[in-house]
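Asker: Sequence first, predicted model second:
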Amino acid sequence: MGSKVSITPTKLYGLQRVGPSSFNDVENSGAEFSKELWLEFIGALINKDIPFDGDLYGISWPADTNTPPQEVFYFCGLESQTPIDGFDELELTGGNYLEVACDVPAESIDSAFHQAYMVDMPASGLQGRDGQHIEIYGDEYDPNSDRARFRILIPIK
């Protein structure tokens, strides 16, 4: 179902692109787009000798006027107090969120987003707001597992 949490503003550094959302009409295009960007980001961290043992963030917001969006701005990164050369900077604006813990087959990660947005959010009775949509990949996430365990945070009033 999920729980209400509050996120404080912070600076993130990573990579940002525009591509298909998890709700895009082309099946799995959102998952493939984000997977490719994550692989590029992790590769860049390895090349720069930057450890990534803390939380990793996926941040998205609509890039079109469709509801739900077909295209999104997507950012994957990590928190840092100092700029990281070659990475984009993103201000995580923070605020109130509905946090949904996800545990889905890794090959069908988009199903977690459909569950969170189409089932859990309406069932919560909370009202959504414009803002950054957040994914957090923390200790619960194992990239070598056949299960994708992570958290989705949906902006709420």
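Answerer: Yes, it's here.
Asker: pLDDT wise, what is the nearest residue to residue 154 once chain neighbours are set aside at?
Answerer: In space, not counting the residues next to it along the chain, residue 154 is nearest to residue 98; the distance is 4.6 Å by C-beta to C-beta, 6 or more residues apart in numbering. Where C-beta positions appear, they are placed from N, C-alpha and C, glycine not excepted. What the model reports for residue 98 is a pLDDT of 98.
Asker: quick one, what contacts residue 98?
Answerer: Applying C-beta atoms under 8 Å, 6 or more residues apart in numbering, we find residue 98 in contact with 2-5, 120-121, 124, 126, 153-154, 156.
Asker: try residue 127
Answerer: Residue 127 makes contacts with 156-157, as judged by C-beta under 8 Å, 6+ apart.
Asker: Could I get the pLDDT score of it?
Answerer: pLDDT for residue 127: 97.
Asker: From residue 69, how far off is it?
Answerer: Note on residue 127: its distance to residue 69, by C-beta to C-beta, to the nearest Å, is 19 Å.
Asker: Residue 80 touches residue 11, doesn't it?
Answerer: Yes: A contact is recorded between residue 80 and residue 11 when judged using C-beta atoms under 8 Å, the distance being 6.6 Å.
Asker: re the thing from before, heading C-terminal from the helix or strand harbouring the residue nearest to residue 154, find the next helix or strand.
Answerer: With elements delineated by DSSP states H and E, residue 98 resides in strand 95-105, which encompasses its position. With elements assigned by DSSP H and E, the helix or strand that comes after strand 95-105 is helix 110-115.
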